[in-house]
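A.B. asks: Got a predicted structure here, sequence first:
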Amino acid sequence: MSDPAGQATAAGARAALTLPTITEGAEFAGEFKNSGYREPPQLVCLPNRQLVRLPPLLFLVAKTLHDHREPAGTKDVTAALDTVAAAVSEQAGARLTAEQLVYLVDHKLAPLGVTTYSDGTPPPVVKADPFLGLKFKVAVFPESVSWFVAGLFAWLFRPLIVAVAVAGVIAGEVWVLTTRSIAEALQQTLLAPVSILLIMALGVLSCAFHEVGHAAACRYGGVRPGVMGCGIYLVWPAFYTDITESYRLGRAGRLRADLAGVYFNGLFVAGLVLLYLATGYEPLLVAVLYVNIEIIQQLLPTLRFDGYYIMSDLIGIPDLFKYIGPILRRTLLRRPADERLRDLKRWPQVFVTAWVLTIVPLLAVQIGLIVTQIPNLVMKDWWMMRRLAASASAGASPLELLTSGLQILLLALPLAGVLLILYMMASWLVRRAVRFVNAPVQETASGA
């Protein structure tokens, strides 16, 4: 006996079925070159410039859907799906049915924001939220400005220019560190509020020039830099440049984009040294020291600084942090390698494992030392804040008040950063514990 209700439901489902389409504004970027994966992923650039990595089969499905797109209502959907499935099967060398095609779209491609769902529902807006990533980002300059500014400095990446510039930077650094007294210059600078403000301003300018370097490297490599802006990294203000398009380049191009910021910091140092030679103004030597500290910080491989991205692009693995859990489970708990690790080539696995086993203990020791020193750090910060506030209120000029306020802020930010990191780690541990407690108990199957 037929079921009218079931037939009506099936008819409604067939009526709701549409031929999925690629998200408007999405672009096929091609293969992720020099990757550390056994099977090189393919890249799709979403309208918000977010890159999605797809295995070859999913990329082929998306590309074939795009190639067989038709105006709405002009073609039978079932026949169109069969045509797309047949085309994918022919190119993939494996049979794919229309039902399987719909499943891949609804469960793989659409949730990633690449295609619409099979019922015509638009995909969600995918936004990257990486672990320890930059937060509260605000775009200050649009892509057009980034492209223009990058064009002003792209010539600095010509090989001969790079060789001469690096030699000049090294010569300037050696001359300052071996012939000038940084300690004396620092002492003189601390006595003059104007000098302190100047150094802070030069430090900010150096950070901005650092980001210009990333944009210029992208343009030199033939890809468009994105917006330039600012945000909050943990609790510290930071500049950023969207260089997502650099993933279209090979390993050398990506590394050039990663190193460009530090390269431009070096050029900034060379400019400070030349300015000091022309003026003899001692605080400029302190500014050189300040920028050198910025360079060292950027080359650290622990947090998401340039050093982290240099290592990531060197081995062709975009996000190293997501492998911490799998590697620790395999190394400490002796569990089999999960799918994420099996997808990597042999030497990237070794590299990532060495990075995790080095960085995790190092961070643990650093956090442990910081935790034990928090009471002393709070007392010292509070004492220095009170001293600065007292000296500022004792008939200080507006310039001295501004300088003291900035110093108090710089003292408070590191402590706030430490507390925020500890809070994030505690929240993560609590979520993991709750998930473990609430996990369903697996029953052992008994014999029949």
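C.D. replies: Good, I have the coordinates. Numbering: from 1, shown residues only.
A.B. asks: need the strands for the chain, in chain order.
C.D. replies: Counting by DSSP state E, the chain has these strands, from start to end: 27-31, 42-45, 51-54, 135-141, 228-233, 236-241.
A.B. asks: Using JSON lines, lay out those strands together with distance to residue 215, mean pLDDT and mean neighbour count.
C.D. replies: Heads up, the C-betas are built off the backbone N, CA and C, glycines and all. Output for the strands of the chain, formatted as JSON lines (distance: least, C-beta to C-beta, whole Å; pLDDT from 0 to 100; neighbours: other C-beta atoms under 10 Å):
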{"stretch": "strand 27-31", "distance to residue 215": "19", "mean pLDDT": "84", "mean neighbour count": "15"}
{"stretch": "strand 42-45", "distance to residue 215": "17", "mean pLDDT": "86", "mean neighbour count": "22"}
{"stretch": "strand 51-54", "distance to residue 215": "17", "mean pLDDT": "85", "mean neighbour count": "20"}
{"stretch": "strand 135-141", "distance to residue 215": "9", "mean pLDDT": "83", "mean neighbour count": "13"}
{"stretch": "strand 228-233", "distance to residue 215": "7", "mean pLDDT": "85", "mean neighbour count": "18"}
{"stretch": "strand 236-241", "distance to residue 215": "5", "mean pLDDT": "85", "mean neighbour count": "18"}
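A.B. asks: of the ones you listed, which approaches residue 265 most closely?
C.D. replies: Closest approach to residue 265 among the strands of the chain is made by strand 236-241 (12.3 Å; C-beta to C-beta).
A.B. asks: my read: residue 202 touches residue 289, true?
C.D. replies: No. Residue 202 is beyond contact range of residue 289, at 11.1 Å (criterion: C-beta atoms under 8 Å).
A.B. asks: Which elements pack onto the longest helix anywhere in the chain?
C.D. replies: For the chain, the longest helix by residue count, based on DSSP state H, is helix 346-393. The contact analysis (3 or more C-beta pairs under 8 Å, 6 or more residues apart in numbering; DSSP states H and E) places helix 346-393 against helix 306-315, helix 324-332, helix 398-438.
A.B. asks: For the shortest one, buried residues please.
C.D. replies: Neighbour-count burial for helix 324-332, with 16 or more other C-beta atoms under 10 Å as criterion, is recorded at 324, 326-327, 330.
A.B. asks: what's the answer for stretch 275-294, then?
C.D. replies: 276, 282-292, 294.
A.B. asks: Go ahead and produce PDB holding the CA coordinates of that stretch.
C.D. replies: Provided in PDB are the C-alpha atoms of stretch 275-294 (Å, rounded to 0.1, in the frame of the first residue of the first chain):
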ATOM      1  CA  LEU A 275      70.600  59.700  11.500                       C
ATOM      2  CA  TYR A 276      72.800  59.300  14.500                       C
ATOM      3  CA  LEU A 277      75.900  59.800  12.500                       C
ATOM      4  CA  ALA A 278      74.400  63.000  11.100                       C
ATOM      5  CA  THR A 279      73.100  64.400  14.500                       C
ATOM      6  CA  GLY A 280      75.000  62.600  17.300                       C
ATOM      7  CA  TYR A 281      71.700  62.400  19.200                       C
ATOM      8  CA  GLU A 282      72.200  59.700  21.800                       C
ATOM      9  CA  PRO A 283      68.600  58.500  22.200                       C
ATOM     10  CA  LEU A 284      68.800  57.200  18.700                       C
ATOM     11  CA  LEU A 285      71.100  54.500  19.900                       C
ATOM     12  CA  VAL A 286      68.400  53.500  22.400                       C
ATOM     13  CA  ALA A 287      66.000  53.400  19.500                       C
ATOM     14  CA  VAL A 288      68.300  51.000  17.700                       C
ATOM     15  CA  LEU A 289      68.300  48.700  20.800                       C
ATOM     16  CA  TYR A 290      64.500  48.900  20.900                       C
ATOM     17  CA  VAL A 291      64.100  47.900  17.300                       C
ATOM     18  CA  ASN A 292      66.600  45.000  17.800                       C
ATOM     19  CA  ILE A 293      64.500  43.700  20.600                       C
ATOM     20  CA  GLU A 294      61.500  43.900  18.300                       C
END
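A.B. asks: Residues contacting it, please?
C.D. replies: Contacts made with stretch 275-294 from outside it, assessed by C-beta atoms under 8 Å, 6 or more residues apart in numbering, are listed as 173, 176, 180, 182, 184-186, 188-189, 192, 195, 198-199, 202-203, 206-207, 210, 265, 268-269, 272-273.
A.B. asks: Kindly tell me how buried residue 156 is, as a neighbour count.
C.D. replies: 17 (other C-beta atoms under 10 Å).
A.B. asks: where does it land on pLDDT?
C.D. replies: At residue 156, the pLDDT value in this model is 95.
A.B. asks: where in the stretch 101-250 of the chain is pLDDT low?
C.D. replies: The stretch 101-250 of the chain contains residues with pLDDT under 70 at 129, 190-193, 234-235.
A.B. asks: what about the helices in it?
C.D. replies: 143-153, 159-179, 182-190, 193-221 (DSSP state H, counting those that start in this stretch).
A.B. asks: could I get those helices as a markdown table with mean neighbour count and distance to residue 133?
C.D. replies: Converted to a markdown table, the helices of the stretch 101-250 of the chain look like this (neighbours: other C-beta atoms under 10 Å; distance: least, C-beta to C-beta, whole Å):
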| stretch | mean neighbour count | distance to residue 133 |
| --- | --- | --- |
| helix 143-153 | 17 | 20 |
| helix 159-179 | 13 | 30 |
| helix 182-190 | 15 | 34 |
| helix 193-221 | 21 | 16 |
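A.B. asks: quick one: which of the ones you listed is nearest residue 115?
C.D. replies: Distance to residue 115, taken as C-beta to C-beta, is lowest for helix 143-153 among these, at 25.0 Å.
A.B. asks: what does the closest one rub up against?
C.D. replies: With C-beta under 8 Å, 6+ apart as the test, helix 143-153 has contacts from 141, 212-213, 215-216, 218-219, 224-228, 241-242, 264.
A.B. asks: again, 7 Å this time
C.D. replies: 212, 215-216, 218-219, 224-228, 241 (C-beta atoms under 7 Å, 6 or more residues apart in numbering).
A.B. asks: ditto for stretch 255-262
C.D. replies: In contact with stretch 255-262 (C-beta under 7 Å, 6+ apart) are residues 157, 210-211, 213-214, 216-218, 221, 243, 246, 295, 298-299, 306, 309-310, 313-314.
A.B. asks: go again using 8 Å as the cut-off
C.D. replies: 157, 210-211, 213-214, 216-218, 220-221, 243, 246, 249, 295, 298-299, 306, 309-310, 313-314.
A.B. asks: just stretch 120-130 next, same as before
C.D. replies: Residues contacting stretch 120-130 (C-beta under 8 Å, 6+ apart): 16, 18, 23, 46, 48, 50, 52, 110-117, 304, 319, 321.
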